[in-house]
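> Sequence and computational prediction follow.
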Amino acid sequence: MPTVCIIGAGSSGISAAKVLNQKGIGFDCFEKGSAIGGNWRYNNDNGMSSAYRSLHINTNRMVMAYSDFPMPTEYAMFPHHSQIIKYFESYAQHFGIADKITYNTAVTSVCPADGGYRVTTSDGQERIYAHVVVSNGHHWNPRYPEPAFPGQFAGEVMHSHDYKVPEQIQGKDILIVGIGNSAVDIACEAARQATGNKVVISTRSGAYVIPNWLMGMPFDSLANPLTAKLPMSLQRLLLKASLLLARGRQEAYGVPVPKRPLLSEHPTISQDLLTIAGRGLVQFKPNIASFDGYDVLFTDGTQQRFDMLIYATGYKVTFPFFAPDFINVETDNNLQLYRRVVHPNYPGLYFQGLVQPLGAIMPLAETQANWIAKLIAGECRLPDRDTMMRTIKQDAEQNLRRYNQSVRHTLQVDFHPYRKTIELEIKKYAHRL
Ligand SMILES: NC(=O)C1=CN([C@@H]2O[C@H](COP(=O)(O)OP(=O)(O)OC[C@H]3O[C@@H](n4cnc5c(N)ncnc54)[C@H](OP(=O)(O)O)[C@@H]3O)[C@@H](O)[C@H]2O)C=CC1
């Protein structure tokens, strides 16, 4: 009988399945849709993918690959979603897990029972597992501003989650709320349509826009285990100098700069935004003050008319299978986990891929899977609950000191230091067999 239930077969869940399979640990992996790939399967029939037709990943193919399965070198450095999904498919085939996943089956309920967890699935079956690995992703449930901006907007309203093709915005004056990666990708795509329509980004905090390529190198290859060890002030200085050399001051292009220092936010990555903004094809406004029909009043007192509003305001961390009085963090995205994986109050309950790195999630999810598998196999253990609680508090305080306080930064980790932390965790608490 399988002792482990994996929820979801996206880029995280498939690495958990692969690692457990290699260790000979029995598992069921339930996937709501008919295929693997999660967010990276464009038009995924599980209804959860936020991918748009033109989406290319903004972390490079060397950084995003799993440790033992490189991406094909003929791939673009920043591959299209169609290449990424092929990569995941070959990974699942290569490691023999594609046929071990139960497709078209959603997990509808998970609750503690009999020293483990009772898992109910959409086919009405109930099973008990000693361990549950939650790998259901955190970029699928749209977050809208709360409270909503005053007034009513009379035009069309959409969340970036539902943006798929430029035909949806063609010929419309659009206002995009937010300046994260979704907002900027959609704004650039809209501007490239060259229809002469207004494309405006409304941002309350601004963002440092980092190019994919910096001095001929993929930006995310500049961060490595060595540079990650430098003091934050020096990392900031080096990045600031590199950005100045590469493209000068961002304000010169008309793109608003945050008041906080570099590296205190999730990076907004775009090679194109500055050039496009410099041509006046994307314009910027501060936060929205209110709506009046098709008119939008901004906090600087200016007003403009739009046909369409796109909220690119991020996502809620949602676990639809937990009862609200069990685990629910939708309001603040802030789930307190030991090393972002282990729930200190519920032994056997693990969360995978619930991180937002500067870099790609996939290799970190794989490292988490290695740790989870070793914990399940009894090859290592957890520290006591007091130690876990103390560490959770310290990590949260560190995060608060570093990042702009907002729901989008609760899951933020630094790629290399985080991976190292998990590897050390495995070594430190290894059971000498
Ligand atoms: N090509 C790629 O690989 C892509 C990757 N992604 C990834 O997907 C994830 C989600 O990105 P994204 O969808 O951009 O969401 P994010 O959460 O990263 O960004 C949300 C944006 O909306 C703003 N915002 C949120 N709430 C409000 C509010 N109430 N009023 C005004 N502004 C608000 C935020 O501003 P503030 O900072 O002030 O909170 C921020 O600018 C990220 O990890 C991102 O890197 C997304 C698109 C493309």
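Happy to help now that I have it.

> Could I get the buried residue list for the helix or strand of the chain with the lowest mean pLDDT?
Among the helical and strand segments of the chain, the one scoring lowest on mean pLDDT, DSSP states H and E is helix 219-222, with a mean of 87. The neighbour-count check on helix 219-222 (16 or more other CB atoms under 10 Å) flags 219-220 as buried. Quick note: C-beta positions are derived from backbone N, CA and C, even for glycine.

> Packing partners of that helix?
Judged by 3 or more CB pairs under 8 Å, 6 or more residues apart in numbering; DSSP states H and E, helix 219-222 is in contact with helix 61-64.

> Buried ones in the helix it packs on, by neighbour count?
Buried residues in helix 61-64, counted by 16+ other CB under 10 Å: 61, 63-64.

> Now do whichever helix or strand comes after it: which elements does it pack against?
Counting by DSSP states H and E, the next helix or strand C-terminal to helix 61-64 is helix 81-94. The contact analysis (3+ CB pairs under 8 Å, 6+ apart) places helix 81-94 against helix 11-23.

> how about the helix it packs on as CSV, C-alpha atoms only?
The C-alpha coordinates for helix 11-23 follow below in CSV (Å, rounded to 0.1, in the frame of the first residue of the first chain):
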residue,chain,number,x,y,z
SER,A,11,7.1,20.8,-12.0
SER,A,12,7.4,20.1,-8.3
GLY,A,13,5.1,17.1,-8.0
ILE,A,14,7.0,15.2,-10.8
SER,A,15,10.3,15.6,-9.0
ALA,A,16,8.8,14.3,-5.8
ALA,A,17,7.4,11.3,-7.7
LYS,A,18,10.8,10.7,-9.3
VAL,A,19,12.7,10.8,-6.0
LEU,A,20,10.3,8.6,-4.1
ASN,A,21,10.2,6.2,-7.0
GLN,A,22,14.0,5.9,-7.1
LYS,A,23,14.0,5.2,-3.3
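
> which helices and strands does the helix or strand following it pack with?
Once helix 11-23 ends, the next helix or strand along the chain (criterion: DSSP H and E) is strand 27-30. Other helices and strands packing on strand 27-30, by 3+ CB pairs under 8 Å, 6+ apart, are strand 4-7, helix 11-23, strand 101-102.

> Check whether Ile85 really touches Asn43, as I assumed.
No - counting by CB atoms under 8 Å, Ile85 does not reach Asn43; the two are 10.8 Å apart.

> picking up where we left off before, in CSV: the helices and strands packed on strand 27-30, plus mean pLDDT and distance to Pro357.
Below are the helices and strands packed on strand 27-30 laid out as CSV (pLDDT from 0 to 100; distance: least, CB to CB, whole Å):
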stretch, mean pLDDT, distance to Pro357
strand 4-7, 98, 21
helix 11-23, 98, 13
strand 101-102, 98, 25
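
> So for the ligand, which of the ones you listed sits nearest?
The ligand sits nearest to helix 11-23 of all the helices and strands packed on strand 27-30, at 12.0 Å, using CB to the nearest ligand atom.

> I figured Met389 was touching Pro344, is that so?
Yes - counting by CB under 8 Å, Met389 touches Pro344, with 5.9 Å between them.

> Those two: which has the busier surroundings?
Set side by side, Met389 and Pro344 show more neighbours around Pro344, with 19 against 15, by other CB atoms under 10 Å.

> what's near enough to touch the more buried one?
336-338, 385, 388-389, 392 (CB atoms under 8 Å, 6 or more residues apart in numbering).

> so it, which of the three states?
Of the three states, Pro344 takes coil according to DSSP: H, G, I helix; E, B strand; the rest coil.

> higher neighbour count, Ile85 and Asn43?
Neighbour tally, Ile85 and Asn43, criterion other CB under 10 Å: the higher count belongs to Ile85, 22 against 10.

> Can you tell me the closest non-neighbouring residue to the residue in the stretch 1-150 of the chain positioned nearest to the ligand?
In the stretch 1-150 of the chain, the residue that lies nearest the ligand is Pro145 (3.2 Å; CB to the nearest ligand atom). Of all residues not flanking Pro145 in the chain, Thr313 sits nearest, at 5.9 Å (CB to CB, 6 or more residues apart in numbering).

> ok, the one you found touching His161?
No - in this structure, Thr313 is not within contact of His161 by CB under 8 Å, at 10.1 Å.

> ok but Val157 is inside a strand, no?
Yes - according to three-state DSSP, Val157 belongs to a strand.

> That one: what's it in contact with?
Remark: with contacts taken as CB under 8 Å, 6+ apart, Val157 is in contact with 308-309, 311.

> Could I have the buried ones of those as ChimeraX selection syntax?
Of these, the buried ones go into a single ChimeraX selection, burial set by 16+ other CB under 10 Å:
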select :308,309,311
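
> Narrow the contacts of Val157 to those in strands?
Counting by DSSP state E, the contacts of Val157 place 308-309, 311 in strands.

> How about the residues of this structure by the ligand?
Proximity of the chain to the ligand (CB under 6 Å from any ligand atom) is limited to residues 55-58, 139, 145, 160, 177-183, 185, 203-205, 266, 287, 312-315, 356, 404, 406, 408.

> What's the PyMOL line that selects buried ones from those residues?
Entered in PyMOL, the line below selects the buried ones among the residues of the chain next to the ligand, by 16+ other CB under 10 Å:
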select buried, resi 55+57+58+139+160+177+178+179+180+181+182+183+185+203+266+312+313+314+315+356+404+408
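
> gap between stretch 205-218 and the chain center?
When distances are taken as CA atoms, centre = their mean, to the nearest Å, stretch 205-218 is centred 18 Å away from the chain's centroid.

> buried sites along it?
Going by neighbour count (16+ other CB under 10 Å), the buried part of stretch 205-218 is 206-212, 214, 218.

> and what of stretch 19-34?
In terms of neighbour count (16+ other CB under 10 Å), stretch 19-34 has its buried residues at 19-21, 25, 27-33.

> from memory Pro267 sits against Leu358, does it?
Yes - Pro267 lies in contact with Leu358 (CB under 8 Å); the separation is 5.7 Å.

> contact partners of the helix or strand hosting Met388?
Using DSSP H and E, Met388 falls within helix 385-402. For helix 385-402, contacts defined as CB under 8 Å, 6+ apart pick out 232, 263-264, 336-339, 342, 344, 382-383, 409-410, 412.

> and the next element down the chain from it?
Using DSSP H and E, the helix or strand that follows helix 385-402 in sequence is strand 412-414.

> same question for that next one, mean pLDDT?
Average pLDDT, strand 412-414: 94.

> elements contacting it?
In terms of contacts (3+ CB pairs under 8 Å, 6+ apart), strand 412-414 is packed against strand 356-358.

> ok now the strand it packs on, how far from the chain's centre?
The answer for strand 356-358 is 7 Å, by CA atoms, centre = their mean.
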